[in-house]
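K.L.:
A structural model of the following input is requested.
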Amino acid sequence: MTDEILDEAAVAAAWDRNAATWTQEVRAGFDFYRELYTLPAFLDFVPSVNGQRIIDLGCGEGSNTRRFAKLGGMMTGVDLSAEMIRHARRKEEEEPLGIAYEVGSFNELSPFADGQFDCAVSTMALMDGPDLPAAMRATSRVLKPSGTLCFSVLHPCFITPAIRWLTDEEGSHLGLRVGRYFERSPFVEYWRFSRRPNATMLQPSEEPFEVPRFPRTLSDYINAVSEAGFRIVKIEEPRPSEEMARRYDWLNRWYQHAPLVLFILAVKA
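P.N.:
As a prediction, the model looks like this:
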């Protein structure tokens with residue numbers, strides 16, 4: 001993908017390639033950051049979804065969409081990746097929760113009517129799309145008046161293109177180095193879930209995930225939300241719990257030094 005333009009077609013193709021392994025490993029619980037830190041914090045942050053018509057922007061294979069459905073949300077998921085949606089629909093057939101899934105762009109949301117939803121949620125997806133202002137405008141259109149938008153992204157102030165942990169001679173984390181904060185050139189990040197079984201011993205047929213990234217500043221996020229007609233109600237930079245920090249050194253570094261993610265809750269004005 002190094003020579004490709006990183007547009008929506010390239011993003012869709014990358015996640016189509018990721019889909020089979022991603023689905024298997026997420027559903028096996030190998031995304032420990034999601035399971036132990038980011039998703040529990042986000043579920044505490046989001047207002048009640050019970051009885052709400054909700055669109056999940058960038059739903060992927062649907063794991064988080066199903067979490068919201070089990071909390072009473074009437075869910076619709078949308079994702080660029082046809083392969084991800086295929087896995088999501090298959091799971092819905094096996095364990096029906098009344099979720100509808102659509103292949104499409106959260107920059108357009110063209111299959112959906114104006115004012116169709118009470119709420120839009122997005123978990124760790126908006127930073128992986130090339131046109132955030134368009135996504136916010138489309139989201140505003142499909143929400144009813146006073147509808148809510150609630151999303152999580154990697155924290156733009158700390159997850160920068162030049163991120164690196166600083167350690168002492170014993171390997172203890174002293175802090176986090178960030179750099180190139182204002183750089184907005186998209187790039188592809190290659191990685192695997194580091195705490196999956198045999199994570200350091202990839203099988204010959206296994207490839208790392210290709211994740212197109214679109215760096216943005218904090219002001220890029222806030223302005224895109226505001227300019228689309230939303231009023232920001234709450235922002236949160238969740239910290240791992242003290243208990244989790246004691247149990248896991250890889251969470252303790254985020255507990256001690258910086259937030260990994262940023263949450264924003266806004267209301268359509």
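K.L.:
Buried residues of the longest strand along the chain, list them for me.
P.N.:
When the chain is parsed with DSSP state E, its longest strand is strand 143-154. For strand 143-154, burial by neighbour count (16 or more other CB atoms under 10 Å) applies to 143, 147, 148, 149, 150, 151, 152, 153, 154. Backbone N, C-alpha and C define where each C-beta goes, glycine included.
K.L.:
Who are the packing partners of that strand?
P.N.:
Here strand 143-154 touches helix 39-45, strand 117-123, helix 132-142, strand 261-268, going by 3 or more CB pairs under 8 Å, 6 or more residues apart in numbering; DSSP states H and E.
K.L.:
so which of these comes closest to residue 244?
P.N.:
For residue 244, the closest of the helices and strands packed on strand 143-154 is helix 39-45, at 9.4 Å, according to CB to CB.
K.L.:
Can you give the contact residues for whichever helix or strand comes after that closest one?
P.N.:
Where DSSP states H and E defines the elements, the next helix or strand beyond helix 39-45 is strand 53-57. Identification of contacts with strand 53-57 by CB atoms under 8 Å, 6 or more residues apart in numbering yields 64-65, 68, 73-78, 106, 109, 112, 116-123, 125-126, 135, 139, 142, 151.
K.L.:
Flag the shaky bits of this structure, pLDDT-wise.
P.N.:
Counting by pLDDT under 70, the chain shows low-confidence ranges at 1-4, 195-205.
K.L.:
Let me see the ranges of the helices in it.
P.N.:
Ranges of helices within the chain are 8-27, 32-33, 39-45, 63-70, 82-94, 132-142, 218-227, 242-247, 249-257, based on DSSP state H.
K.L.:
between the first one and helix 63-70, how many degrees?
P.N.:
Between the axis of helix 8-27 and that of helix 63-70 there is an angle of 70 degrees, by axes from the mean of the first three to the mean of the last three CA atoms, to 10 degrees.
K.L.:
how far is helix 8-27 from where the chain is centred?
P.N.:
13 Å (CA atoms, centre = their mean, to the nearest Å).
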